[in-house]
Structure formats: structure tokens, C-alpha cells
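> I would like the atomic coordinates for the input below:
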Amino acid sequence: MQPVEAAVMMRSSPAEELKRNLTGVVGGSITLPDPILEFGFFLDKLNTVAMVKDGKFEIVEEKYKNKLHWNKDSGLFTLTDLQKNDSGVYKIDSKRGVILTFSYSVTVYGE
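Purely as a prediction, here's the structure:
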């Protein structure tokens, strides 16, 4: 086998991370643009906040019970009633099909 062929066959990582910046205003909402339809996780920094498994949504972090919503049809997550302290890094970790981690730097501005 030639070195060029070996390089083509090797993968640098089993998962790829895509990063995006999102902004919102106090009292508004932000919909994260990458869907989870079958199986994956929503994370706040490194903490698991919610999961989708077999098309069912479960929030595991109490402070997100009325704040985080998941649309079963689109697979999109929405953070509602934004406050300045909601600014930070959020991740969506897809575990079906192409395994990807989407990272969002969310900034919430005053009204």
C-alpha cells in the first residue's frame, strides 16, 4: 500500500465538531439550527441538560424544564425566555447517522 492510499483511508477523528455563534435578546428565544431526530444530547458547557432517544425528549437538568423545547418534527432545540446569564457555550451531540458535535457560543444582549 502506498502512503497516499493509507492517508485517504485514515480518519482523523470519529466525530467532527462544528462551531457557530448565535445572539439573542433578553426575553427572546434562540433556535439552534442543527437537528437531532433520533438520538443525541443537548449540553450546557459539559453538563448534559437533555436527551433525545427514539424520538422522545427528556430534560434532565431542572432549571431547563420550562426553558428548553424540542420540536419532534424538525428536531430543533429552542431556548426561550432568554436572560443574560444564558450566555455561554451549548452543544448538541448527535449519536445517529453521521456523528457530529455542534457547538454554539450564545450571547444574550439586554433589551
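> check contacts around the spatially most central residue of the chain.
Ranked by distance to the mean C-alpha position of the chain (CA atoms, centre = their mean), the top residue is I92 at 2.1 Å. If a contact means CB atoms under 8 Å, 6 or more residues apart in numbering, then I92 has L32, D34, I36, G40, F41, F42, L43, F77, T101, F102, Y104 as its contacts. (C-beta placed from N, C-alpha, C; glycine too.)
> please identify the helix or strand for the residue lying closest to K19 once chain neighbours are set aside.
Excluding the flanking residues, the one nearest K19 by CB to CB, 6 or more residues apart in numbering is S103, at 4.6 Å. Using DSSP states H and E, S103 sits in strand 100-109.
> alpha carbons only: can I get that strand in CSV?
Written as CSV, here are the backbone C-alpha positions of strand 100-109 (Å, rounded to 0.1, in the frame of the first residue of the first chain):
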residue,chain,number,x,y,z
LEU,A,100,-21.3,15.3,14.9
THR,A,101,-21.0,17.7,17.8
PHE,A,102,-22.4,21.2,17.1
SER,A,103,-21.0,23.8,19.5
TYR,A,104,-22.8,27.2,19.9
SER,A,105,-21.4,30.3,21.6
VAL,A,106,-24.6,32.0,22.6
THR,A,107,-24.6,35.7,23.6
VAL,A,108,-27.7,37.3,25.1
TYR,A,109,-28.0,41.1,25.0
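> what are the buried residues along that strand?
L100, T101, F102, Y104, V106, V108 (16 or more other CB atoms under 10 Å).
> so how far is L100 from the last one?
Relative to L100, V108 is positioned 25 Å away (CB to CB, to the nearest Å).
> one more: the fifth one?
To L100, V106 is 18 Å away according to CB to CB.
> from what I see, the residue nearest to K19 and G88 are in contact.
No: contact criterion CB atoms under 8 Å: S103 and G88 do not qualify, at 11.1 Å.
> so G27, which of the three states?
coil (DSSP: H, G, I helix; E, B strand; the rest coil).
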